[in-house]
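A.B. asks: need a structure here:
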Amino acid sequence: MSFDPKLCRNESEVESKLIVQYLLPTLGYDASKWHQEVALGSIRLDFLALTSQVFPSINDSAPKVCVVMEAKHPKQNLNSHVRRLSHYLTRLQVVYGVLTNGKDFRIYELAGDQINLIFQCQGIEITDKIRKIKDIIGRDKLAGLKNNKPVDFFNLLDLPEKTDQPPEQLIANLSASQKLFATKISKPKIMKTIAIYHNKGGVGKTTTTINLAAAISRKGLKVLIIDLDSQANTTYAAGLMKFETEEEDTLKDSNIYNVVFYPKSNYIPEVALKSTFTYPPVDVIPAHLNLIWQEQRLVDKDSSKTHLIKKLELVKDEYDVVLIDTPPSLNLYAKIALIACDYLIIPSDLKPFANEGLRNVKNFIEEIDEFRTFINKPAIEVLGVLPSKILTIPSYIKATLPKQEKVVEDRYGFPVLETRIFQREDLSRAIDNFIFEGDRQIPDPKSIFDFKPDSISAAEFEELANEVLEKVGLLGLSA
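C.D. replies: Presented below is the predicted three-dimensional model:
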């Protein structure tokens with residue numbers, strides 16, 4: 001396959017004949033890995049080529065391995081469009097940008113708060129130099145860095161010669177793409193397990209779990225949700241309860257109970273299901289109403305407290321983040337969750353009953369930490385209380401909310417996360433979404449990103465994901 005710039009007489013033909021028909025397929029981007037006329041906030045991109053289906057976020061400051069491609073009319077001077085491309089790349093923190101009018105072809109690389117021209121050729125030279133282009137922005141080249149393949153640090157970064165300096169000292173002077181790749185190499189992949197817990201119900205645990213999982217998954221990280229609440233609200237919100245009769249119930253014989261009850265069977269890959277509530281999808285281990293009466297069997301089997309830990313250890317290389325939704329109680333399922341987790345988020349509407357419940361949460365954590373010491377597991381790290389289902393009344397936000405947050409810190413000793421999740425109609429409508437199949441109304445819950453991606457609620461959960469990933473040391477590893 002070759003490209004002839006004479007075929008491009010206008011901007012539309014630069015898009016179709018150079019980018020769509022020649023460049024994208026030659027660089028290895030199939031139809032599922034590139035998107036045309038992409039809107040990201042106020043930014044409008046001609047093309048976005050991805051190594052996965054994860055779109056870059058305006059609110060995420062980490063560099064992303066993807067390529068923005070901008071096409072111009074053959075008679076236009078590309079110098080007039082460099083500033084706008086620079087705005088796109090720096091605003092989105094996208095590593096590479098292509099600017100072309102068919103006659104002139106350029107590749108720019110993000111470097112701090114500016115972009116550098118790293119490759120340029122005439123349109124007639126593109127076919128001859130496609131190997132060089134592919135070595136810079138080819139999908140295999142970029143995607144290989146996300147698959148934990150063994151790589152040589154110095155060869156990968158094109159450093160002139162080896163040095164005695166450790167990688168950490170070199171990172172500060174690297175370009176954006178080199179810095180991202182070096183971070184991936186120098187930091188081992190470590191799965192982070194986060195429990196979402198409060199012993200009071202109605203504080204937004206399910207909403208937090210579902211939308212935080214979606215936000216993290218959109219960053220290119222592999223996410224597993226575990227529902228340990230017998231009410232199974234998270235299982236429903238993940239789109240796994242679309243049956244109408246008991247005979248159609250596919251979850252009653254394969255759910256989280258099987259994982260925590262059986263020591264040598266029902267491993268996570270056998271029980272986890274693909275979600276339908278968000279894209280990219282996340283895996284979900286569902287709950288079931290039967291957990292209520294099955295709890296006594298677990299109580300009688302003391303070793304069940306650690307079965308989840310052992311089975312998570314077997315998949316530590318398969319997931320980046322595990323989110324565990326918990327029951328609003330002090331029961332065994334809550335104990336199993338807090339024994340298994342590394343970190344804890346405590347959603348709270350900060351109202352008096354929820355705040356008073358924090359005393360129980362604190363005592364419960366202390367009890368669990370005693371058991372964790374017994375099994376040589378460090379104490380739970382509380383990421384913070386998450387203000388959730390917060391009223392949007394301006395006077396309340398200005399005068400009352402700061403006082404409630406201060407009470408949490410002063411009286412109960414818990415940190416408060418900077419992100420606030422406000423009570424908005426979009427969040428409830430997303431979970432209550434449904435579709436019709438004939439005369440049947442089928443639940444079709446969505447994450448806020450899949451239901452209304454430009455909403456304020458989506459921006460709040462994007463902010464929460466960034467804050468959480470930064471606290472657990474994964475923000476720099478998201479793409």
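A.B. asks: show me where pLDDT drops low in the stretch 351-479 of the chain?
C.D. replies: Where the stretch 351-479 of the chain drops to pLDDT under 70, the residues are 476-479.
A.B. asks: how about 80 then?
C.D. replies: 437-441, 476-479 (pLDDT under 80).
A.B. asks: ok now whichever helix or strand residue 449 is part of, how far from the chain's centre?
C.D. replies: Applying DSSP states H and E as the criterion places residue 449 in helix 448-451. When C-alpha coordinates are averaged (C-alpha atoms, centre = their mean, to the nearest Å), helix 448-451 and its chain have centres 13 Å apart.
A.B. asks: just how off-centre is stretch 33-40 within its chain?
C.D. replies: 19 Å.
A.B. asks: roughly how far out does stretch 412-422 sit from the chain middle?
C.D. replies: 20 Å.
A.B. asks: okay, how far is it across that stretch, tip to tip?
C.D. replies: End-to-end distance of stretch 412-422 (C-alpha to C-alpha, to the nearest Å): 22 Å.
A.B. asks: Give me the buried positions along it.
C.D. replies: For stretch 412-422, a neighbour-count test (16 or more other C-beta atoms under 10 Å) marks 412, 414, 416-417, 419-421 as buried. The C-beta positions use only the backbone N, C-alpha and C, and glycine is treated the same way.
A.B. asks: repeat for stretch 114-130
C.D. replies: Result for stretch 114-130 [16+ other C-beta under 10 Å]: buried residues 115, 119, 121, 123, 126, 130.
A.B. asks: from these, which is closest to residue 83?
C.D. replies: Of all the buried residues of stretch 114-130, residue 83 sits closest to residue 115, with 9.6 Å by C-beta to C-beta.
A.B. asks: ok, now how distant is the closest one from residue 51?
C.D. replies: 20 Å (C-beta to C-beta, to the nearest Å).
A.B. asks: Over to residue 315?
C.D. replies: Residue 315 is 23 Å from residue 51, by C-beta to C-beta.
A.B. asks: These two: who's more crowded?
C.D. replies: residue 51 (23 against 17; other C-beta atoms under 10 Å).
A.B. asks: And the pLDDT at that one?
C.D. replies: We have a pLDDT of 79 for residue 51.
A.B. asks: what does residue 186 give?
C.D. replies: 45.
A.B. asks: and if you look at residue 301?
C.D. replies: So residue 301 comes in at 78 (pLDDT).
A.B. asks: And for the residue nearest to it when sequence neighbours are not counted, the neighbour number?
C.D. replies: Distances taken as C-beta to C-beta, 6 or more residues apart in numbering put residue 261 closest to residue 301, at 7.0 Å, once the chain neighbours are dropped. Using other C-beta under 10 Å, residue 261 has 16 neighbouring residues.
A.B. asks: Next, residue 261: phi, psi?
C.D. replies: The phi and psi torsions at residue 261 (degrees, to the nearest 10) take the values phi -90, psi -40.
A.B. asks: Is it in contact with residue 307, as I believe?
C.D. replies: Yes: applying C-beta atoms under 8 Å, one finds residue 261 in contact with residue 307, separated by 7.3 Å.
A.B. asks: right, and out of the buried residues of stretch 412-422, which lies closest to residue 78?
C.D. replies: For the buried residues of stretch 412-422, the nearest to residue 78 is residue 419 (40.3 Å; C-beta to C-beta).
A.B. asks: contacting residues for the closest one?
C.D. replies: Each residue near residue 419 by C-beta atoms under 8 Å, 6 or more residues apart in numbering is listed here: 386-387, 460, 463-464, 467.
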